[in-house]
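>>> Kindly generate the corresponding structure for this input.
(one chain, ligands or ions: 1)
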Amino acid sequence: MSTKGRLYLDGVSVVFDGFRALNNLSLVVEPGEMRAVIGPNGAGKTTMMDVITGKTRPTSGTVRFGDHDLTRMDEADIANLGIGRKFQKPTVFDALTVFENLELALKAPRGPFACLRWILTGEAKARIDQVMEETGLTARAGDLAAILSHGQRQWLEIGMLLMQDPQLLLVDEPVAGMTDQETEHTAALLRRIAGERSVVVVEHDLEFVRALGRKVTVLHEGTMLSEGPIDQVQNDPRVIEVYLGR
Ligand SMILES: Nc1ncnc2c1ncn2[C@@H]1O[C@H](COP(=O)(O)OP(=O)(O)OP(=O)(O)O)[C@@H](O)[C@H]1O
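All right, here's what the predicted structure looks like:
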């Protein structure tokens, strides 16, 4: 089977001053897969994302995306490979409209046709329209980001990442602070955008993870405790002990 677009972590450890934030973590996310990652505070979820994006170097172990060894690349090169990350706090531009935010996020045109602006502008507009449709923001195209709801701001930021057509999208606690309706919209949005690209979602909200309806990885003390469908991991005695047994 081709490794193109496959995220592969093997035996990854991250040690901070003798403390193992990740401890021999192994994980594979197939191209087009959406994976939810859960785990108690301090389990290593953020550190795992940091290792994938090159923000933190593993002390040992392998991190590959397709044929690329991410441990040898810096953050900018990893982003250029098509790995995008959405942090919890949106960083949209309040003084710009939804459309303008997406326009700004569009990859700068490269190559021999870059001067043919009129063609690219048409293409760019079509791409922006498509992303607004995907994120459910079409009706807000001309509104300033400043007046969007909390949920809409998060979707706009996901849209800005989509403008760069990532192969792998890492999403950090997307539904924190959202209403139930916004949470449902976000689950539907992520289900829609996975498939064409892989998506890894770190989240505490188990109802949201259930709504995603995909494989779940449970981290604990920097390593994988359990993996499988949500019902299976929620009934796993090791998971129950970690979440409830203290
Ligand atoms: N730069 C650092 N230096 C020292 N220790 C760190 C550093 N970054 C993280 N840690 C520690 O590593 C452990 C794992 O942290 P991490 O943030 O990855 O967990 P998490 O699962 O994302 O937790 P949360 O759900 O609270 O965000 C924590 O105990 C944290 O204190």
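>>> switch to C-alpha atoms for all contacts and neighbour counts from now on
Fine.
>>> quick one, what contacts Gly9?
Careful, residue 9 is Leu and not Gly. When contacts are counted by CA atoms under 8 Å, 6 or more residues apart in numbering, Leu9 touches Leu25, Ser26, Leu27, Val28, Gly61, Thr62, Val63, Arg64.
>>> The third one bridge partners, please.
Think Leu27. Partner residues in beta bridges with Leu27, using DSSP bridges, are Leu9.
>>> helix, strand or coil for the closest residue to Leu212 other than its chain neighbours?
The shortest distance from Leu212 to any residue other than its chain neighbours is 5.5 Å, reached at Ala187 (CA to CA, 6 or more residues apart in numbering). Ala187 falls in the helix class when you classify it by DSSP: H, G, I helix; E, B strand; the rest coil.
>>> Check Ala187 and give its pLDDT.
Residue-level confidence at Ala187 comes out at 96, pLDDT.
>>> Let me see the contact set for it.
Under the criterion of CA under 8 Å, 6+ apart, the contact partners of Ala187 comprise Phe208, Ala211, Leu212.
>>> how distant is the biggest helix by length in the chain from the center of its chain?
Among the elements of the chain assigned as helix by DSSP state H, the one spanning the most residues is helix 117-135. Per CA atoms, centre = their mean, to the nearest Å, the displacement of helix 117-135 from the mean C-alpha position of its chain is 22 Å.
>>> Just the residues contacting that helix, thanks.
Residues from elsewhere that reach helix 117-135, judged by CA under 8 Å, 6+ apart: 99, 102-103, 106, 109, 114, 138, 141, 155-156, 158-159, 162-163, 189, 192-193.
>>> what about Val199, how many neighbours?
Residues near Val199, counting by other CA atoms under 10 Å, number 28.
>>> is the helix or strand hosting it up against the ligand anywhere?
Under DSSP states H and E, the secondary-structure element containing Val199 is strand 198-202. No: contact check for strand 198-202 against the ligand, using CA under 6 Å from any ligand atom: none in range, with a minimum separation of 8.4 Å.
>>> Drop anything exposed from the contacts of Leu9.
The neighbour-count test (16 or more other CA atoms under 10 Å) marks Leu25, Ser26, Leu27, Gly61, Thr62, Val63, Arg64 as buried among the contacts of Leu9.
>>> can I get those residues in TSV with secondary structure?
Below are the buried ones among the contacts of Leu9 laid out as TSV (three-state DSSP):
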residue	secondary structure
Leu25	strand
Ser26	strand
Leu27	strand
Gly61	strand
Thr62	strand
Val63	strand
Arg64	strand
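>>> Wait, a strand at Asn23?
Yes: per three-state DSSP, Asn23 lies within a strand segment.
>>> Could you list the residues in contact with stretch 204-212?
Residues contacting stretch 204-212 (CA under 8 Å, 6+ apart): 36, 38-39, 173, 175-176, 183-184, 187-188, 190-191, 203, 216, 230.
>>> can you give me the helices in the protein?
Under the criterion DSSP H, the chain carries helices at the ranges 45-53, 75-80, 98-105, 117-135, 150-162, 180-193, 206-212, 230-234, 237-244.
>>> Could you identify which of these is most buried?
The highest mean neighbour count among the helices of the chain belongs to helix 150-162 (a mean of 23), with neighbours defined as mean count of other CA atoms under 10 Å.
>>> quick one: it to helix 180-193, angle?
Taking axes from the mean of the first three to the mean of the last three CA atoms, to 10 degrees, one finds that helix 150-162 is oriented at 10 degrees with respect to helix 180-193.
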